[in-house]
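Engineer: Need coordinates for the following:
(2 chains)
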Protein chains: 2
Amino acid sequence: MAEFSIIDRYFKQKHAYQSNINLGIGDDSALITPPVDQQLVICTDTLVAGRHFPLSTTAHAIGWKSVAVNLSDLAAMGATPHSILLAITLPEVDEPWLDEFCQGLFACCSSHQVELIGGDTTQGPHLTISVTALGWVPQGQAITRSGAQVGDYIVVSGQIGDAAYGLQHLQHPLQHRLDYPTPRCELGKHLLGLASSMIDLSDGLIQDLQHILNASHVGAMIQLEHLPIDKALRSLSFQEQWQYALAGGDDYELCFTISPENYQKICLEETIPLTIVGHIESNLGLRLTYKDKLQSLNFHGYQHFA
Amino acid sequence: MAEFSIIDRYFKQKHAYQSNINLGIGDDSALITPPVDQQLVICTDTLVAGRHFPLSTTAHAIGWKSVAVNLSDLAAMGATPHSILLAITLPEVDEPWLDEFCQGLFACCSSHQVELIGGDTTQGPHLTISVTALGWVPQGQAITRSGAQVGDYIVVSGQIGDAAYGLQHLQHPLQHRLDYPTPRCELGKHLLGLASSMIDLSDGLIQDLQHILNASHVGAMIQLEHLPIDKALRSLSFQEQWQYALAGGDDYELCFTISPENYQKICLEETIPLTIVGHIESNLGLRLTYKDKLQSLNFHGYQHFA
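Structural biologist: All right, here's what the predicted structure looks like:
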């Protein structure tokens, strides 16, 4: 099957969620009319088989996740997702696999009214998927990593450590959290004008929060007893639960800083659990306490080149 | 070396060509303020080692080409290139290789005032590079594949078949055309308001022109004696030269259709050879003639899944 037949059969979507897409799949490039007074928000993330997901992962989950991890990066800016481009390298044309992959990909797209507007389908020895995601944010309102202020709460959405636990315990219900991350787009958008800084948790809380601290030139204190972790993790030793929660990757929850006053203004239609896990301090560096006792923990987040 | 050190050392560019990039590398996403009355033009293309370039290709050429093939897709819409995102999957961190790769990548970027605004650096067993390129075109003026009119000339820029010949004859001077394609951005932009349809030649003239014919619901006649081919190809049999010129990929020249009146209006500052190779007809299909005699040739363009 030639590339163009694959595109026609699998990648041409029926839905038209976004009226400002003037040209989608089928020309040299896609064409979009930018909405008035909005900034373009754009990111790209790659999933490599066996590295960013277990080789046993279903095609449906791979399709979902390849979109979700990118929408999560948009969410972390407070952007509204709009469209994606898909660059997929396949070892072979396996039609049932492609069909399932596309169902997962479009399921994630549909849940956020995102359209596939272009891409490239290539053959290569190893399954590799790069998605580029586009979104929009009102001019000047994007939430970056650099705005954290001393005294701000540090808040995380959902539970952390689930995906890392799921990776170590395939078949456990938490594997679903590894396979089907939920990009927190509604939350991210809601935090416009409220949060002072934000990042999505892809490499573990310690490593990701450190990016906020570096960009904002501040420090932080995390209270370990407040970490929102699943009951499956609570049966483990403290060292193990903290390892999952602080250094496990792939949760795709949001971590943001927010003043206590603004925190009171958060009012979400959809219920997303939010937990204050610490606060921003002027002392540089990251300190961890358990019931007011300073803890010295020695582990790092996900290493991309290990 | 961690991903973030690689990004800091190699991918953070010093140049700031584009004043509307509000946030580049270093946050969850990049942020761009769209220029007034312009449409966003966006595309992505992947290069897989050993498939889209010979394994012997220098890192510098790989860097150049990964950008050039994408700028060529923007050129084919008449867009002005603006920025790129780079998703690169590396088997290992080879610093001299990375250094050379970045020099090639930034050389191509600089020649078109393009900025690297984001990306993802991952580890995987096989070198794979996906670049997403962004450009802008005045609202409603993009040149698509669907506007070819009966009576239009079919024009190609530069020479065709060079890259395919270079691939078969590594070390020949034409290898340079394979390794360092020249995206025809200035030409593409100049043709706004003049050309009726356009595509870039990545899979060979026959296959690529067919996309224009299909999208425009027209046919075409190509005069083989007019194909702009290198003197190296002229020493071969007709069958061989036509094979290279019509079915060889990777030339990244532009192929466009234009009315005879508009063709007279082309007035380029920089000298880019243009050749009329045929014309658009109402009879569907593609016909090839040599000195007015219809030729029946049997070959196809580049097959992405072979």
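Engineer: Domains of chain A: list them as residue ranges, please.
Structural biologist: When chain A is parsed into structural domains using automatic domain parsing, the resulting residue ranges are A:3-138, A:153-292.
Engineer: The last one and chain B in contact?
Structural biologist: Yes. Counting by CB under 8 Å from any CB of the partner chain, chain B is contacted by domain A:153-292 at A:198-200, A:215. Backbone N, C-alpha and C define where each C-beta goes, glycine included.
Engineer: out of the domains of chain A, which comes closest to B:Ile222?
Structural biologist: domain A:3-138 (20.5 Å; CB to CB).
Engineer: Give me the distance from that closest one to the chain's centre.
Structural biologist: In this view, domain A:3-138 has its centroid 14 Å away from the chain centroid, taken as CA atoms, centre = their mean, to the nearest Å.
Engineer: try stretch A:281-294
Structural biologist: How far stretch A:281-294 lies from its chain's middle: 26 Å, per CA atoms, centre = their mean.
Engineer: Identify the residues contacting it?
Structural biologist: Here stretch A:281-294 makes contact (CB atoms under 8 Å, 6 or more residues apart in numbering or on different chains) with A:150, A:206, A:209-210, A:213, A:217-225, A:238, A:242, A:246, A:295-297.
Engineer: filter the residues you listed to the buried ones?
Structural biologist: Neighbour-count burial within the contacts of stretch A:281-294 applies to A:206, A:209-210, A:213, A:218-224, A:242, A:246; the criterion is 16 or more other CB atoms under 10 Å in any protein chain shown.
Engineer: So which of those sit within strands?
Structural biologist: Secondary-structure check on these using DSSP state E: residues within strands are A:219-223.
Engineer: Which secondary structure state does A:Ile117 sit in?
Structural biologist: Per DSSP: H, G, I helix; E, B strand; the rest coil, the local secondary structure of A:Ile117 is strand.
Engineer: Which pLDDT value belongs to it?
Structural biologist: Note for A:Ile117: predicted pLDDT of 96.
Engineer: so A:Asp162 touches A:Tyr252, yeah?
Structural biologist: No. Using CB atoms under 8 Å, A:Asp162 and A:Tyr252 do not qualify as a contacting pair, with a distance of 10.1 Å.
Engineer: the more surrounded of these two?
Structural biologist: Set side by side, A:Asp162 and A:Tyr252 give different neighbour counts by other CB atoms under 10 Å in any protein chain shown, the larger being at A:Asp162 (28 against 25).
Engineer: Next up, phi/psi of that one, please.
Structural biologist: Backbone torsions for A:Asp162, taken as degrees, to the nearest 10, come to phi -60, psi -50.
Engineer: Please report how far it lies from chain B.
Structural biologist: Distance, A:Asp162 to chain B, using CB to the nearest CB, to the nearest Å: 20 Å.
Engineer: In contact with that residue, which residues?
Structural biologist: By CB under 8 Å, 6+ apart, A:Asp162 lies in contact with A:174, A:177-178, A:229-230, A:233, A:251.
Engineer: same deal with A:Arg177?
Structural biologist: Counting by CB under 8 Å, 6+ apart, A:Arg177 touches A:159, A:162-163, A:166, A:251.
Engineer: Next one: it, what pLDDT does it get?
Structural biologist: We note a pLDDT of 96 for A:Arg177 in this prediction.
Engineer: List the buried residues of the helix or strand containing it.
Structural biologist: Taking DSSP states H and E as the definition, one finds A:Arg177 inside helix A:175-179. Using 16+ other CB under 10 Å as the burial criterion, the residues of helix A:175-179 that qualify are A:175, A:177-179.
Engineer: for stretch A:281-299, same thing?
Structural biologist: A:281, A:286, A:288, A:290.
Engineer: wait, which of those residues is closest to chain B?
Structural biologist: Nearest to chain B among those, counting by CB to the nearest CB, is A:Leu286 at 15.8 Å.
Engineer: which of the buried residues of stretch A:281-299 sit farthest apart?
Structural biologist: A:Glu281 and A:Tyr290 (17.2 Å).
Engineer: measure A:Val131 to A:Phe11 for me?
Structural biologist: A:Val131 sits 12 Å away from A:Phe11 when distances are taken as CB to CB, to the nearest Å.
Engineer: the more surrounded of these two?
Structural biologist: Counted by other CB under 10 Å, A:Val131 and A:Phe11 do not tie: A:Val131 has more neighbours, with 30 against 20.
Engineer: show me where the stretch 51-200 of chain A has strands.
Structural biologist: Using DSSP state E, counting those that start in this stretch, the strands of the stretch 51-200 of chain A run over residues A:80-90, A:115-123, A:128-138, A:153-157, A:195-200.
Engineer: who's in contact with the residue sitting nearest the centre point of chain A?
Structural biologist: Taking CA atoms, centre = their mean, the centroid of chain A lies closest to A:Ser72, which sits 3.1 Å from it. If a contact means CB under 8 Å, 6+ apart, then A:Ser72 has A:181, A:183-184, A:200, A:202, A:252, A:254 as its contacts.
Engineer: farthest pair in these?
Structural biologist: Using CB to CB for every pair in those, the one that comes out farthest apart is A:Arg184 and A:Ser202, at 12.4 Å.
Engineer: returning to that earlier point: out of the contacts of A:Asp162, which is nearest to A:Thr57?
Structural biologist: For the contacts of A:Asp162, the residue nearest A:Thr57 by CB to CB is A:Leu178; the value is 8.4 Å.
Engineer: List the contacts of the closest one.
Structural biologist: In this structure, A:Leu178 makes contact with A:53, A:162-164, A:166-167, A:250, judged by CB under 8 Å, 6+ apart.
Engineer: cutoff 7 Å now
Structural biologist: A:163, A:166-167, A:250 (CB atoms under 7 Å, 6 or more residues apart in numbering or on different chains).
Engineer: before we move on, what about A:Cys43?
Structural biologist: Residues in contact with A:Cys43 (CB under 7 Å, 6+ apart) are A:70, A:73-74, A:133, B:28-30, B:118.
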